[in-house]
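Asker: Predicted model, plus sequence, below.
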Amino acid sequence: MLALLLNMSSVMAASTAHKEAKSLQVKATAYTSLNLPKPMRTAWGVHLQPGMKAIAVSRDLLAKFGLKPRTKVKISGFQGDYLVLDKMHKRWEKKIDIYMGDDHAKARRFGHRKVTITWGI
C-alpha cells in the first residue's frame, strides 16, 4: 500500500510540473483590418475583430521554436496575453505582426521595432 501511494505521488508530481517559459527577441510590425473585408479572416480561418489581442508569426517560429496556433504570448512593452492566430508569408523569419484592429494611425506610430516574446508560461 505504501509503495502504491509513493508511486501515485510521483506520478502526480510529474503531471503538475510546469513547462519552462521560452523567450525570443523578434522583429515586430503592426497590421490592421482597415480597408479589408469584414470580418477579416486569418490563414487559419480565425475571424479577427477590433479589440482582439492577436499576432501573426513567421513560419520559422512555428517550425523551429514550437509556437502553435492559439499559443498565449507575452510581448515586451504590451500588457496582457496575445494569441497566435495567424501566420506570415514564408519569406519572413523571426518576425511577428501585431494586430491593431482598425487603428491605422496606431499601427503607423508603432512602425517596426525589436520586441521580446515569451510563451509557455
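Answerer: Received it, and whenever you're ready, just let me know what you need.
Asker: pull the longest strand from the protein.
Answerer: strand 22-31 (DSSP state E).
Asker: how about the CA coordinates for the helix or strand where Ala105 lies, as CSV?
Answerer: Assigned by DSSP states H and E, Ala105 belongs to helix 104-110. Below are the C-alpha coordinates for helix 104-110, written out as CSV (Å, rounded to 0.1, in the frame of the first residue of the first chain):
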residue,chain,number,x,y,z
HIS,A,104,-4.2,52.6,-38.7
ALA,A,105,-2.6,55.6,-37.0
LYS,A,106,-1.6,53.5,-34.0
ALA,A,107,-0.1,50.9,-36.4
ARG,A,108,1.9,53.5,-38.2
ARG,A,109,3.2,55.0,-34.9
PHE,A,110,4.3,51.6,-33.8
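Asker: helix or strand for the spatially most central residue of the chain, which one?
Answerer: Per Cα atoms, centre = their mean, the C-alpha nearest to the average position across the chain is that of Val84, at 3.5 Å. Element membership for Val84 (DSSP H and E) is strand 81-87.
Asker: Check which residues of that strand are buried.
Answerer: Buried residues in strand 81-87, counted by 16 or more other Cβ atoms under 10 Å: Tyr82, Leu83, Val84, Leu85, Asp86, Lys87. Where C-beta positions appear, they are placed from N, C-alpha and C, glycine not excepted.
Asker: same check, this time on stretch 24-31
Answerer: Buried residues in stretch 24-31 (16+ other Cβ under 10 Å): Val26, Ala28, Thr29, Ala30, Tyr31.
Asker: can you put these in a markdown table and add pLDDT?
Answerer: Formatted as a markdown table, these follow (pLDDT from 0 to 100):
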| residue | pLDDT |
| --- | --- |
| Val26 | 98 |
| Ala28 | 98 |
| Thr29 | 98 |
| Ala30 | 97 |
| Tyr31 | 93 |
